[in-house]
Each structure stands twice: as structure tokens, then as C-alpha cells.
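**Student:** Model the following, please.
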Amino acid sequence: MAFLPVERKDGEIFDFILVSTDAYVDHPSFGHAIISRLVESEGFLVGIIPQPKTDAEYTALGAPKEGFLVSGGVVDSMVNNYTVARRRRDSDSYSEGGRVGRTPDRAVTVHTKNLKRLFPNVPVLIGGIEASLRRFAHYDYWADKVMPSILFDCRADLLVYGMGEVPLLEILALIKRGARLEKIKDVRGTAYISDFEKLSKKVKSEMENGEAVMLPSFERTASDKLAFIEAFNVEYRNSTFNGSKRLVQPHNIEFVVINPPARPPSTAELDRVYALPFERNFHPRYRDGVPALSEVKFSLTSHRGCFGACNYCAVTLHQGAAIIKRSKESLIAEAEKLKALPDFKGYIHDVGGPTANFRDARCSVRGEAGSCSGKSCIGSSVCPNLVADHSEYLDILRALRKLEGVKKVFIRSGIRFDYLLMDSDFKSVLAELVEHHISGQLKVAPEHSSARVLKLMNKPPFEVYLKFAEQYKKTNKARGIEQYLVPYLISSHPGCTVNDAIDLARYLKSIGYMPLQVQDFYPTPGTKSTAMYWTGIDPDTMEEIYVARSGAEKSTQRALLQYRLDKNRGIIKDALIEAGRLNLMGEGPNCLIKSDKVLREKSKKRQNPPKAKK
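**Tutor:** Below you'll find the predicted structure:
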């Protein structure tokens, strides 16, 4: 095995050149690694330009025969570069040594524009989560406005959305038969720009007979929030492989055409992807390493997809709702490769996917097809057709932990506690996880305690979390193990008021827990919660909802969840006064902060300590 070339030999002409937003890490957790290896496996010569900045870097490998592939990073470049407070981050896990400066804002657009400027006659295909979730007109949090489809900003010839292996293989097959990349349009899982005259007869016919859906235009969605919601709901309903239609969205006198989603890959196809000859390391050019690799180097992806449909999460929209599984044999084979790495210490850090225990979810009506269009299987309510079964996942974990040289197999990608509780044998499942697969802490995501907020998030009622927390505590105690539950929480989600944050803080105080970090809701392109944030409307009910927008409001909600910190006392005091909840200031067990009177009395005692008796 060897890394793909990042330099050109004399006279060498590549078929494809992949421009990567992230530093070059040849590991299957990085999209650029999977795509470049997949293209190579089809017999094409592939070169890689990681994180170019200068014209000399863009042109270093020359012009490719077939086209450029621009790969967005593991995360959207704006999320990578900025905190939710819109402040520049001081580190970049996806660049050498964690140093900032190699990932431009709106990286896919920047790279594509530069390639089009330097190689005007070479087609460009874009993909990855940044391109995928910006394929429609979308709200952009950093600009605080609705922006056009990324295709109109960067003028790429073709966009692949979702997990791109299936459409990419179809595109490569067409190229092998003589097709030019810039002429390929009618592939599921892709999108492109066209004016009306250049649309194919098939698309024109679908537009005329209503088979293709015409979305509200970019101009309408940018100026009318109800039109934005209308467009979003249509996009959301047409995001699954089964039953989705072709979508067309006008932008001025042109259209962005979004073909229906690609079919999910089969288990055999996914096994093939993860068997590609990855080096499983960062390129040797990086003397200081790439920090993001350490989180995934000894982890296994057992499946893709998530039917959880949390409204603030982009995974369901990007990876799809259907669970696509790798075989046990494929996972064991990859574990053997991990064992052969010189720095493997006997610990497999994770076996999972977007949600670890969603591995073998099934529908009693639709098999393994994923959630129905416009519906969710689990969340604020549970579909009665959902079948919860952990037997296959546990079988894989058992097989991995029996491998010679493997000391422990952990689960770090998190579990859905509500789904686990649905399993008729959940006590045995939890006992096995507690005993063998948790490293002191289990991270779960109740996210909030307010019933209204949880419903807007599409998360289970808080009582479900409380039931799980109690069962987790009992299971650990019965085995004489001291392990902790770490709840992930989101502040300032659309619909969440200061009173909701106060109630959540009271619960945290009652269990003696304060999170070291609190995640403010981060509006990222394409999610339902982002649509709520921008419009102040719940897309499911069309009712208006409260949205915390200002930095002060967000700081207040975050401070309440970190009620123990002295720096937050003034903020919490003001919030409690404003909310009329003065009973939460004082000495009582339910009080979030001490009142001024209590502090004065304690200060007096410190200044005038009682005299010692003679």
C-alpha cells in the first residue's frame, strides 16, 4: 500500500485530481480518503491536492483528463472555522498540528472558483456535507440570510449529495463508456444548474405533468419566510430513496435540478469500500500530525444512516434514514488491520455509526427501508412498527472482544437510550454494555428537560431519560462498578425560553451535576431546527415559536446550566429576577445561587470570626 500521489512525476497526467478541504488523512473516516480510493479502485489514476491556498498549489498536478473532484471537509468549513458565537476558532483539528489558516471560509466554493479560474475547460464535481446540505437555497447563519444553492455560488458542473459512493460509481461507469463529466446529469443523488432550454426532455416533461416538484424560488425563499418553510417541507419529504421526486428550484432565469436520492449501498458494497487499501494514517508530509485522526484511528464504522431524525442534526439528511450495515466479517477483518498497526495498544475505541445501537433497527411493515417519507420512526413519539433488537450488534461486539490482542472494545459514538429501553431484553443488553463496553462514562443525549422543547427537537420525553438513568445506576451498582452517565445538553434551541433553562438548571442541581461544557444550538444549513431559527415557525405545525437570537439571551441560557460558576452568578441573578423566580435565590436545596443577603451574612462572618473561648 502507498499514499496516493500529492506530487506529479515528469509527464504524468492524472485522470482525476481530488482537492481536499482537510489535510490528507488516508483513513475511512475521512470522505476524501474514501472517494479517492474508490475512484482509484475503478482503474483511474488519482492525485490529491490537500488544502491548497496559492495558484501554484492548485496547478501543481497539472490538468486532469476527466475532471477535478472537490471534497468538503468532515464538517462544514464554517462550523470548522467559527464558534456558535461567530468567533474564529483558535484550532483546526483537520489541519496539520491543529493550526488554523488552511481551511478557507466556504471552502467548497473557494476551491471550485479557483479551479474554474485556473482551468476553465476542466469540469468540476463537488461533494461532501458542505455541498450536500447547501444544494438548495438555504439559510446561512454566518451571513444571517438565505443564500442560493452552492452551485450558483461556485458554478460546479455537478454536485453529488449524501454519501456519494453509489452515484459516483455510476458516474465513473458512464465516463468509462465515453461520457464527459460535464454532460452527465441524469444520475440519482446529484444536482446541477440548467436554464430551461438546456433541460432534458425528461425533466421538462416531469415539470409539465407535476411529476417533478417546482420549489419556491431562491428569490421568494430569501424574502418570504413562509415560502422558505414551504420549500423546506418539500425538500424534507423528498429526502428518502423510496418515493422521492425530482426537485427543481428557480434561481433568477436558471434552475437548480436536484435528482432523487441515490439508492443506499448494499452490505457487500459497503464492505468493499471499507476493504480499500487505506494507509490509516496522515500523510508523512505532516510532521506535526493531524489531531482529528486520534479520535477515529482505532474505531470501526459498523453502519451508516440514522432514523432518529433529531431536528437539529444533519445526519439523517446527509446519510439517510435507512441503516446500511457492514457485515460482521468485514468488521473483524478491519479489526485485524487495526491490530497490525504499530501503535495499537489493544483498545478498539468505538464500534458504531451516527448512533451506535441503531445497527439492526427494523420496521415490521417496511423491513429495513428506513423511515417513511416525512415521518420519523422514533423521537418525541415512537412508531408502533419499529422493532428494537440489539442481538446482532451484541454478537459483533462479542466477536471483536474475543480477538487475540484485543483488550477492550468501547462504545464512544453514543447510544439512543429510548431505543435501548424498547428492546424486550433491555436489562440484559444494558448489563453487557456496562460490564464490557463503557470506559467509566456513558455519554447520552437527553438534550433538555422541557416537554415542549424536546418535542421541537424531536427527542423523547424527559421521563424516558429518567427511567434510563435509574436503570443505568442500578445496573452499575449490581455489578459493583462505579461509572457515570454524562448527559449532552443543548441551550437556546428554538422554542426554549429562559424559564425552560431555569427548570433544566433545577434538575441538574437536584442530581448534583453541572456540565463542564454546554453546546448552544448551532444553526447549520439544511436542518429543521435551523428552519425554525430563521423563520420563528415550527415547520410541522406552522405555529410561531420563541427563538433566542441575541448573544445575551444565549449567554443567559448557557449560564443557567453552569450554575456553579462564580462568573455566572450575576447573569443568573438577573434571569431569576426577570422571570420572577426569586425563590431560587438563597440557602435552600433548590436554590441555584445564594441571595445577596446570604452572601452579606457570610461575608460578615468571615470578617468577624467568633472569638475563641478562654
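
**Student:** Could you list the low-pLDDT ranges of the stretch 351-500 of the chain?
**Tutor:** Applying pLDDT under 70 to the stretch 351-500 of the chain picks out residues 366-371, 373-374.

**Student:** can you pull out the helices in it?
**Tutor:** 391-401, 417-422, 426-436, 451-457, 462-478, 498-510 (DSSP state H, counting those that start in this stretch).

**Student:** can you put these in JSON lines and add distance to Val75?
**Tutor:** Using the backbone N, CA and C atoms, a C-beta is placed for each residue, glycine as well. Shown next, in JSON lines, are the helices of the stretch 351-500 of the chain (distance: least, C-beta to C-beta, whole Å):
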{"stretch": "helix 391-401", "distance to Val75": "26"}
{"stretch": "helix 417-422", "distance to Val75": "25"}
{"stretch": "helix 426-436", "distance to Val75": "28"}
{"stretch": "helix 451-457", "distance to Val75": "20"}
{"stretch": "helix 462-478", "distance to Val75": "27"}
{"stretch": "helix 498-510", "distance to Val75": "27"}
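
**Student:** can you pull the pLDDT of Val315?
**Tutor:** Looking at Val315, its pLDDT stands at 84.

**Student:** same deal with Gly308?
**Tutor:** Reading off the confidence values, Gly308 has pLDDT 86.

**Student:** That one belongs to a strand?
**Tutor:** No - looking at Gly308 with DSSP: H, G, I helix; E, B strand; the rest coil, it is coil, so not inside a strand.

**Student:** Near it, how many other residues are there?
**Tutor:** 25 (other C-beta atoms under 10 Å).

**Student:** what residues are up against it?
**Tutor:** Contacts for Gly308 were tallied using C-beta atoms under 8 Å, 6 or more residues apart in numbering; they are Val315, Thr316, Pro354, Thr355, Phe358, Ser376, Cys377, Ile378, Gly379, Arg416.

**Student:** one step back: got the helices of the stretch 351-500 of the chain as a markdown table, with mean neighbour count columns?
**Tutor:** A markdown table is the format used below for those (neighbours: other C-beta atoms under 10 Å):
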| stretch | mean neighbour count |
| --- | --- |
| helix 391-401 | 17 |
| helix 417-422 | 21 |
| helix 426-436 | 17 |
| helix 451-457 | 21 |
| helix 462-478 | 16 |
| helix 498-510 | 20 |
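
**Student:** Which one of these lies nearest to Met78?
**Tutor:** helix 451-457 (22.2 Å; C-beta to C-beta).

**Student:** Kindly indicate which of the contacts of Gly308 lies nearest Ala222.
**Tutor:** Thr316 (25.3 Å).

**Student:** what's around the closest one, how many residues?
**Tutor:** Around Thr316 there are 26 other residues, counting by other C-beta under 10 Å.

**Student:** picking that back up, I'd like to know which of the helices of the stretch 351-500 of the chain is closest to Arg220.
**Tutor:** It's helix 451-457; of those, that one is closest to Arg220 (C-beta to C-beta) at 25.2 Å.

**Student:** Which strands or helices does the closest one pack on?
**Tutor:** If you count contacts as 3 or more C-beta pairs under 8 Å, 6 or more residues apart in numbering; DSSP states H and E, helix 451-457 packs onto helix 528-535.

**Student:** rerun at 6 Å
**Tutor:** Using 3 or more C-beta pairs under 6 Å, 6 or more residues apart in numbering; DSSP states H and E as the contact criterion, no helix or strand is in contact with helix 451-457.

**Student:** send the alpha carbons of that helix over as CSV?
**Tutor:** Extracted C-alpha coordinates of helix 451-457, given in CSV (Å, rounded to 0.1, in the frame of the first residue of the first chain):
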residue,chain,number,x,y,z
ALA,A,451,-41.5,18.7,27.1
ARG,A,452,-42.2,21.5,24.6
VAL,A,453,-38.5,21.9,23.7
LEU,A,454,-37.9,18.2,23.4
LYS,A,455,-40.9,17.9,21.0
LEU,A,456,-39.4,20.7,18.9
MET,A,457,-36.1,18.8,18.9
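
**Student:** Name the residues that touch whichever helix or strand Ala33 is part of?
**Tutor:** Using DSSP states H and E, Ala33 maps to helix 31-41. With contacts defined as C-beta atoms under 6 Å, 6 or more residues apart in numbering, helix 31-41 is touched by 4, 16, 18, 20, 26-28, 46, 48, 71, 128, 165, 276.

**Student:** from the chain's centre, how far out does that helix sit?
**Tutor:** 21 Å (C-alpha atoms, centre = their mean, to the nearest Å).

**Student:** packing partners for the next helix or strand after it?
**Tutor:** Using DSSP H and E, the next helix or strand after helix 31-41 towards the C-terminus is strand 46-50. Packing partners of strand 46-50 (3+ C-beta pairs under 6 Å, 6+ apart): strand 16-20, helix 31-41.

**Student:** Among the ones you listed, single out whichever gets nearest to Leu199.
**Tutor:** Among the helices and strands packed on strand 46-50, if distance is taken as C-beta to C-beta, the winner is strand 16-20, at 27.2 Å.

**Student:** Name the strands paired with the helix or strand just after that closest one and say parallel or antiparallel.
**Tutor:** Next along the chain after strand 16-20, taking DSSP H and E as the criterion, comes strand 25-26. If you go by DSSP bridges, strand 25-26 pairs up with strand 281-282 (antiparallel).

**Student:** which other residues reach the strand it pairs with?
**Tutor:** Identification of contacts with strand 281-282 by C-beta under 6 Å, 6+ apart yields Val25, Gly289, Val290, Leu293.

**Student:** in whichever helix or strand comes after it, what counts as buried?
**Tutor:** Counting by DSSP H and E, the next helix or strand C-terminal to strand 281-282 is helix 293-296. Under the neighbour-count criterion of 16 or more other C-beta atoms under 10 Å, helix 293-296 has Leu293, Val296 buried.

**Student:** can you check stretch 184-199 too?
**Tutor:** By 16+ other C-beta under 10 Å, the buried positions in stretch 184-199 come out as Ile184, Lys185, Val187, Arg188, Gly189, Thr190, Ala191, Tyr192, Ile193, Leu199.

**Student:** Identify the residues contacting the fifth one.
**Tutor:** Looking back up the chat, that one is Gly189. Listed by C-beta under 6 Å, 6+ apart, the contact set of Gly189 reads Gly162, Pro167, Pro261, Ala262.
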